[in-house]
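Novice: Any chance you could fold what I've pasted below:
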Amino acid sequence: MHYMQNINISNVYQEGLFIQPSSLETRLSFADMDDKIEVAAKVLTEDGHYGATYELCCADYLNAIEIAEIMTKVFGKKIKPILYLKN
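Specialist: This next block holds a predicted model:
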């Protein structure tokens, strides 16, 4: 799972690159940190959550190639997925 906030959409658009630290074929679920904060606040302040478990990620498991294809359609310009390798 990744947080959507880890993607700098402005940079992706400007550079045309969707840079990922893991294999481009790795399927991941993305979640919005604000949504998790909202759920945590409810669990901490409302009754009825003791012992409960919640899956806080989306149902889609997309890889970087698929995400770049979606971004390409949305942005109207080619977005290339690339693997970030630190030397």
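Novice: sec struct for Asn11, please.
Specialist: Secondary structure assignment for Asn11 (DSSP: H, G, I helix; E, B strand; the rest coil): helix.
Novice: nearest residue to it other than its sequence neighbours?
Specialist: Closest residue in space to Asn11, ignoring its immediate chain neighbours: Leu17 at 8.0 Å, by Cβ to Cβ, 6 or more residues apart in numbering. From N, CA and C alone the C-beta is placed, and that goes for glycine too.
Novice: And that neighbour, how far from Cys57?
Specialist: 25 Å (Cβ to Cβ, to the nearest Å).
Novice: returning to what we had before: pretty sure the residue nearest to Asn11 sits against Lys77.
Specialist: No - using Cβ atoms under 8 Å, Leu17 is not in contact with Lys77; the gap is 11.4 Å.
Novice: Between these two, which has more neighbouring residues?
Specialist: Shown here are Leu17 and Lys77; by other Cβ atoms under 10 Å, Leu17 has more neighbours (16 against 10).
Novice: That one and Ile70, how far apart?
Specialist: Relative to Ile70, Leu17 is positioned 15 Å away (Cβ to Cβ).
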